[in-house]
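How does the following fold in three dimensions:
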Amino acid sequence: MGRSATVVTPLVAALFAALLASCAGVVEGAPSVAGVGEPIYGLPVSDHSRVELAVAAAARDIAPCGLLDQNLVASLGQVTAFGPVGDLSTCHAELVPPRGTPANPVWVEVTVGEREPTEDTGAGEVTSGIEVRPAVGALPGTCTLYFSLPPVPGVPDDDTAPGRWGHVSYLDGAGGTGDSAGGDDCAEARTVLGSVADMLRTPVPVRSDIPLAQQDPCRVVEKMSGRGVETFSPGSRPYECLLTLRGGDAASVQLALSPEPSQTGGPEAVELDGKTFTYFRDALECHYYFYPGAVFDTNLPSSPVSERDKRSNRLTASVAASAPSCDDAETLVLAAAEMFDY
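Just a heads-up that it's a prediction; the model follows:
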């Protein structure tokens, strides 16, 4: 597999050129506080938000499947599926360990771009500038190791500009009865993390070949001029954008990979301005989805026959827009479709 690491894209460079030109410097406060600096996507942002946008952009420049070495994963067992999943910041491998069965597979994942670890973690260790923290309280056969992403060039190395994190996870579907070395549930995760750390230290940029993965979800703001967006900032993952609408309502746009939409049952299909969207409402928000691009099949032809056609491994790019008001969610998803529908 190729290598991937933090590279400075034109967006990152532009964000920091504007930041350094600001005489105010980095300001403290919530990233949703509106600023008076150079507009981004047509809307003024605070210096804090400008930094957060640049850090999220740098995280999107790290292709997670460029960090997960498929040959290394194959040394742990027979790989039956390999590819991106979830919110586009995760690469997933499914495999059958040497003394395991397809009924109890092992999952290995690398995720990049989290704002902070999402689990309680133990004491960290720093190796070659990368901090590693183990998740605590894991189930038997499970290990998750969080690691800090490399600093983004031009970002102040202090609390006003926190970096992002990633993690390596190893899950033994047999519940700890598989082949972990010497009963050490983290042996395999540490092996994978060592490879990831080497790639992060010796950058060779590899961009995802999924068009949606090359997009900033906050670009939807370009299509929302005059439609009530007050502020915007990256979410806890790099493919999520959080927006504050006029009146203070929170809304969001998320880019992801999702299972193929079911032809029967499931959320309702609705038509807006001549385009078809998937729709449902929960107790808090209205949610609209659409699916740009082709189906991405992560099943491997070399896997056992019983494992080749898992529907859960057939994924399609998806864009979700959510807001408390269904009218706002409709406006947002139509703007997202104009920006991201290929």
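
could you point out where the stretch 1-150 of the chain is predicted with low confidence?
Low-confidence segments of the stretch 1-150 of the chain (pLDDT under 70): 1-37, 128.

could you pull out the strands for it?
For the stretch 1-150 of the chain, the strands defined by DSSP state E, counting those that start in this stretch cover 78-85, 90-96, 106-114, 125-127, 130-134, 142-148.

Looking at those, spot the one closest to residue 67.
When the strands of the stretch 1-150 of the chain are compared by CB to CB, strand 106-114 sits nearest residue 67, at 5.1 Å. Where you see a C-beta, it was placed from the backbone N, CA and C, and this is true even at glycine.

What strands flank that closest one, and is each parallel or antiparallel?
Strand 106-114 has the following strand partners under DSSP bridges: strand 90-96 (antiparallel), strand 165-172 (antiparallel).

relative orientation of it and strand 142-148 in degrees?
Taking axes from the mean of the first three to the mean of the last three CA atoms, to 10 degrees, one finds that strand 106-114 is oriented at 20 degrees with respect to strand 142-148.

Distance from strand 106-114 to the middle of the chain?
10 Å (CA atoms, centre = their mean, to the nearest Å).

Buried residues, that strand. List them.
Residues 106-114 are the ones in strand 106-114 that count as buried (16 or more other CB atoms under 10 Å).

What angle do strand 78-85 and it make with each other?
In terms of direction (the same axes, to 10 degrees), strand 106-114 departs from strand 78-85 by 20 degrees.

from here on, count from 7
With the count now opening at 7, the last piece we talked about shows up as strand 112-120.

so where does residue 237 fall, helix or strand?
Taking DSSP states H and E as the criterion, residue 237 maps to strand 235-240.

That strand: partners in the sheet, and parallel or antiparallel?
strand 246-251 (antiparallel).

following the strand it pairs with, which helix or strand comes up?
Using DSSP H and E, the helix or strand that follows strand 246-251 in sequence is strand 256-265.

What pairs with that next one, parallel or antiparallel?
strand 246-251 (antiparallel), strand 320-329 (antiparallel).

Report the mean confidence score over whichever helix or strand comes after that strand.
Moving toward the C-terminus from strand 256-265, the next helix or strand (DSSP H and E) is strand 274-278. For strand 274-278, the mean pLDDT works out to 89.

The helix or strand following strand 274-278 vs strand 274-278, what angle?
Where DSSP H and E defines the elements, the next helix or strand beyond strand 274-278 is strand 281-287. Going by the same axes, to 10 degrees, strand 281-287 is angled at 130 degrees with respect to strand 274-278.

Strand 281-287: which residues count as buried?
For strand 281-287, using 16+ other CB under 10 Å, the buried residues are 283-285.

could the strands paired with strand 256-265 be laid out in JSON lines, adding mean pLDDT?
Converted to JSON lines, the strands paired with strand 256-265 look like this (pLDDT from 0 to 100):
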{"stretch": "strand 246-251", "mean pLDDT": "96"}
{"stretch": "strand 320-329", "mean pLDDT": "90"}
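
Tabulate these (JSON lines), appending distance to residue 201.
Formatted as JSON lines, the strands paired with strand 256-265 follow (distance: least, CB to CB, whole Å):
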{"stretch": "strand 246-251", "distance to residue 201": "27"}
{"stretch": "strand 320-329", "distance to residue 201": "24"}
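
Tabulate those strands (TSV), appending mean neighbour count and distance to residue 177.
Converted to TSV, those look like this (neighbours: other CB atoms under 10 Å; distance: least, CB to CB, whole Å):
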stretch	mean neighbour count	distance to residue 177
strand 246-251	22	24
strand 320-329	22	19
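
Thank you, goodbye.
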